[in-house]
Every structure is written in C-alpha cells, then in structure tokens.
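Undergrad: Below: sequence and its predicted model.
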Amino acid sequence: MCASPPGGMPETAGLEPGLQAARPERSMTEDTRGGDRHDADEEEPRVPEQPASRRTPFTRTTLIAVVVLAAVFLWLAGRLLLLSFAGLLLAIFLRTGAWLISRYTRLSMGWALLVFVLLLLGGATLAGVLFAPRLAEQARELTERVPQAVSQLTERLRDTTWGDWILDELMPAGGGQEGVGMAQHATTAARGLMDFVVAVVLVIFVGLYLAVDPLGYVRGLLRLVPPSRRRRTAEILFAAGYQIRWWLLGQLLSMVVVGVIMGVGLGFIGVPLAFALGVLAGLLEFIPTLGPPLAVIPAVLLALVEEPQKALYVLVLYGIVQTIEANVLTPLVQQRAVHLKPVVTITAQVFFTWTAGPIGLLVAVPFVAAVQVIVQMGYVQDFLGDDLPLAAEEEARKELEEADVLEPAASGGQRRRSRDAA
C-alpha cells in the first residue's frame, strides 16, 4: 500500500503546476457536463427500454412458428393452391385474348373478354363437330393397339436369350389375379373421376373470376404491403404475370406447331393412327422436357409392330421437330420470358408430381417461372443489390402505369377524417 502524503497534503501537491491546474478544470468540466445531463434528465424523462433478452426470444419464436405453420399449410393445401394457380393461368390466357381483341376493335375489356370466350366456345364446338368423331375413334383404337403392340414386342423379346432374361427381371411371375379387386378398381376410378370434375370446375371458376376483375385482387394484395413498398411489389407482381403470359403463349405456339408437324409426318411415314398421335404430341408439348419423349413412345411402338424401319423414321422425325423447337420457337419465347434451365425444370416437375399428382406436373414449370422472377427482383435486385436486367421488369413498369393500380397514399389525418365522415 502507498502511504498518504504527510501533513494531510492533497495528492496533487507533488504534481507539476500545469497538471495541478488541469485537474480542477477537468473536474469542473465533468461537473458541468453532469449538471447538463441532470438538467436534461429532468426536462425529458427517459422511458425505460425493454431488455433485448425479453424481446428476441419472442420474436424468434414467433418467426419460427409462422414459418412452420406456413410450411404445414402449403403441404396440406398444396394441391388446392396449384389448382388455383391453374385457374390463374386460365385467367391470364383469357385476359391476353381479350386484350388483343380490345386493342384492334376498340372494345372495352369486359366486352372483349366476352367476345373471346364466345370465340373459344364456338371454335371448340366447330372442332368437335369436324374432328371429334374421327379423334374419338382413333383414340379408342390407340388405347387398344398400344397394349397389343407391347404384348407383341414382349413375345419377340422372349424369343431371345437376353430378352427373356431382361423380361424375367423386370416382370417377375405373380400375375394372373385379374378378377381380384374389381370393386376396389371401380371405386378408385369413380373417385378419380370425381376429383377430375371438381378440379376442372374449380379451375374454370377461378379463371373466369380472375379474368373479369384481376386488378381488384391485385389491389387487395397490395393492401397487405406497407405503402412505401407497394409500387415495388406491384412491379414484381406485374413482372411475374408478364413472365407467365409469354411462357403460356410460347407453349401454345409450340403445341400447335409440334402437333401439326408430328401428325403430318407420321401420316407420311405410314404410322397408323397418325391423327390421334399428332394430337397427343401437341397436348403433351404443354409439359416441357418430359412431354415430348412421352408423346413419341406410342408412335415408336406402333411403328415397330408395323415395320422396324418405320420406328427409325419416327425417331428422325422427332429429332427434326425438337431441332425446330429448340432453334426457332424457344428463342422467340426467350426474347420475352426468362429461360429455365433443364435441371430446374425436371426437378420442379418431379417434385410437384410427387407432392400433388398430375396437376403438379402441369403447372410446375409456369409456377417456377413466376417464382424465379419474384426471386430475381425481390431478392437478387432489392436485397442483394445486384444489377440484374430483366425484360419482364421494364414491361411490368409500363403495364403498371397503364393499369393505374396504385392508390394515392393518404396521411393519417386524412384517413381519420374520412373514417369520421363515414
């Protein structure tokens, strides 16, 4: 321990004069600051803050609970949401047709939508009268001849040693119970038919209502967003709609071109039921990546039964069609829409098919295309700050200005006065 200075002298006695003078000034400054802080505390009393330890667990727990509940809801209601998204696709298709009619006829969107729906119904009726009997007959025959072709090819493989071994490994013995479980099969078929009818009705219902008044639903969604973020959210929504619209138009164009080329080409080759096979190829073209290979399998099977050389011609025709699609049709769509990588497409199709069935396979690609635009604009551009130019973004801004979706933000006093007046 250090002894205190003798004679009760202050500790500053042994210091230099300059330091002795500095010490009282610092103490006076500290007293002055302390007095100022004291006066400030008296004038504006502080509100005690809630400790962060009390806020953080509640916030994290709430966030985790919301994420878990959202995941459970999406898992349980995934099929319903995908059906609603299919209705959105129908609405976008109807609005696009109505927009084209309104643009060239000066009709309002309501009347243009009615005209477009009537044109669709009339075209479907005319096509049914002209082609439905032939198509139905060939479709029925196709369902009979494809299994027969599979049986004939199986018998041919049985005649070879390696083919017999492969068939034994793929199809082990154990069949022959054809009459067992007929009631269960009938019940399953009836249930599947009811599910199909309900799905079609829901898609048509959602599509028509969204097509009649889409901006009303957009304004309702924007109400859930803070006013400062509504314009950007509206741009993202319009960009996603732009992406879906051009993807849909591209797929419809591909369906028509591929269906016509395949039907005419198969007929020229001499494959039976060429008309039904062409229609099937056009319909399955709506499913990217997986649809075209599925469409060519029945044609190859029937050609193999007729003449093996025809099967080679069918594969050559399929290669020509895919080349035209990849080098002509797809670039036209990519000028307007974002291109999806094949791995992303196949993964999304497998996942949605596994979780939601056939409806998931149908809407997987447009759903992922819309999500991709939302992620690129909302996360990559806004959150990460990356400069990512998108054609959909520029077009969305133009459409947003024309649509007049955003409402002018009112101040708090104006909102109170309007509520009091109401």
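TA: Looks like it arrived, so ask away. Everything numeric here is computed off the predicted structure, so don't read it as measured data.
Undergrad: can you pull the buried residues of stretch 93-106?
TA: Within stretch 93-106, the residues that count as buried by 16 or more other C-beta atoms under 10 Å are 93-98, 101-102. To be clear about C-beta, it is placed using only N, CA and C from the backbone, and glycine gets the same treatment.
Undergrad: which one of these is nearest residue 148?
TA: residue 93 (37.9 Å; C-beta to C-beta).
Undergrad: what about that closest one, distance to residue 392?
TA: From residue 93 across to residue 392, the span is 18 Å (C-beta to C-beta, to the nearest Å).
Undergrad: Check residue 92 too.
TA: Note on residue 92: its distance to residue 392, by C-beta to C-beta, is 13 Å.
Undergrad: Between those two, which is the more surrounded one?
TA: Using other C-beta atoms under 10 Å as the criterion, residue 92 and residue 392 rank with residue 392 on top: 26 against 23.
Undergrad: The more buried one reaches residue 374, doesn't it?
TA: No - at 10.5 Å, residue 392 does not count as touching residue 374 under the criterion of C-beta atoms under 8 Å.
Undergrad: Can you check which residues contact both of the two?
TA: Residues touching both residue 392 and residue 374 (C-beta atoms under 8 Å, 6 or more residues apart in numbering) are residue 240.
Undergrad: sorry, back to before: using a markdown table, lay out the buried residues of stretch 93-106 together with distance to residue 154.
TA: Converted to a markdown table, the buried residues of stretch 93-106 look like this (distance: C-beta to C-beta, whole Å):
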| residue | distance to residue 154 |
| --- | --- |
| 93 | 42 |
| 94 | 46 |
| 95 | 49 |
| 96 | 47 |
| 97 | 47 |
| 98 | 51 |
| 101 | 53 |
| 102 | 56 |
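Undergrad: Just the residues you listed: which are in helices?
TA: Among the buried residues of stretch 93-106, the ones falling in helices (DSSP state H) are 93-98, 101-102.
Undergrad: Any regions of the stretch 151-300 of the chain where pLDDT drops low?
TA: Applying pLDDT under 70 to the stretch 151-300 of the chain flags residues 159, 161-189.
Undergrad: Okay, helices next: where are they in the stretch 1-150 of the chain?
TA: Under the criterion DSSP state H, counting those that start in this stretch, the stretch 1-150 of the chain contains helices at 17-43, 52-76, 78-105, 109-158.
Undergrad: same question for the first one, mean pLDDT?
TA: Yep, that's helix 17-43 we're talking about. In this model, helix 17-43 carries a mean pLDDT of 45.
Undergrad: again, but for stretch 303-319
TA: For stretch 303-319, mean pLDDT is 89.
Undergrad: ok now it, how far from the chain's centre?
TA: Taking C-alpha atoms, centre = their mean, to the nearest Å, the mean C-alpha location of stretch 303-319 is offset from the chain mean by 37 Å.
Undergrad: in that stretch, what counts as buried?
TA: 303-305, 310-311, 313-314, 317-318.
Undergrad: now stretch 260-273
TA: For stretch 260-273, the neighbour count (16+ other C-beta under 10 Å) marks 261-263, 265-266, 269, 271-273 as buried.
Undergrad: Excluding chain neighbours, what is closest to residue 342?
TA: Excluding the flanking residues, the one nearest residue 342 by C-beta to C-beta, 6 or more residues apart in numbering is residue 289, at 6.0 Å.
Undergrad: so which strand or helix has the one you found?
TA: Under DSSP states H and E, no helix or strand contains residue 289.
Undergrad: Ramachandran coordinates for it?
TA: phi 70, psi -50 (degrees, to the nearest 10).
Undergrad: three-state assignment of residue 366?
TA: helix (DSSP: H, G, I helix; E, B strand; the rest coil).
Undergrad: One more: residue 406?
TA: Following three-state DSSP, residue 406 is assigned to coil.
Undergrad: which residues sit in contact with it?
TA: Residue 406 touches 222, 230-231, 234, 400, counting by C-beta under 8 Å, 6+ apart.
Undergrad: Just to be sure, which of these are found in helices?
TA: Counting by DSSP H, the contacts of residue 406 place 222, 230-231, 234, 400 in helices.
Undergrad: What is the nearest of these to residue 109?
TA: Relative to residue 109, the closest of the ones in helices among the contacts of residue 406 is residue 400; by C-beta to C-beta it sits at 16.4 Å.
Undergrad: Residue 374 versus that closest one, what's the distance?
TA: 15 Å.
Undergrad: The two: who's more crowded?
TA: When residue 400 and residue 374 are compared for neighbours, residue 400 comes out ahead with 18 against 15, by other C-beta under 10 Å.
Undergrad: was I right about that one contacting residue 236?
TA: No - Residue 400 lies out of contact with residue 236 (C-beta under 8 Å); the separation is 10.2 Å.
Undergrad: which non-adjacent residue is nearest the most centrally placed residue in the chain?
TA: By C-alpha atoms, centre = their mean, the mean C-alpha position of the chain lies nearest to residue 367, the distance being 1.5 Å. What sits nearest to residue 367 in space, not counting adjacent residues and going by C-beta to C-beta, 6+ apart, is residue 85, at 5.8 Å.
Undergrad: And residue 392, by the same measure?
TA: Leaving out its chain neighbours, the residue that sits closest to residue 392 by C-beta to C-beta, 6+ apart is residue 239, at 4.1 Å.
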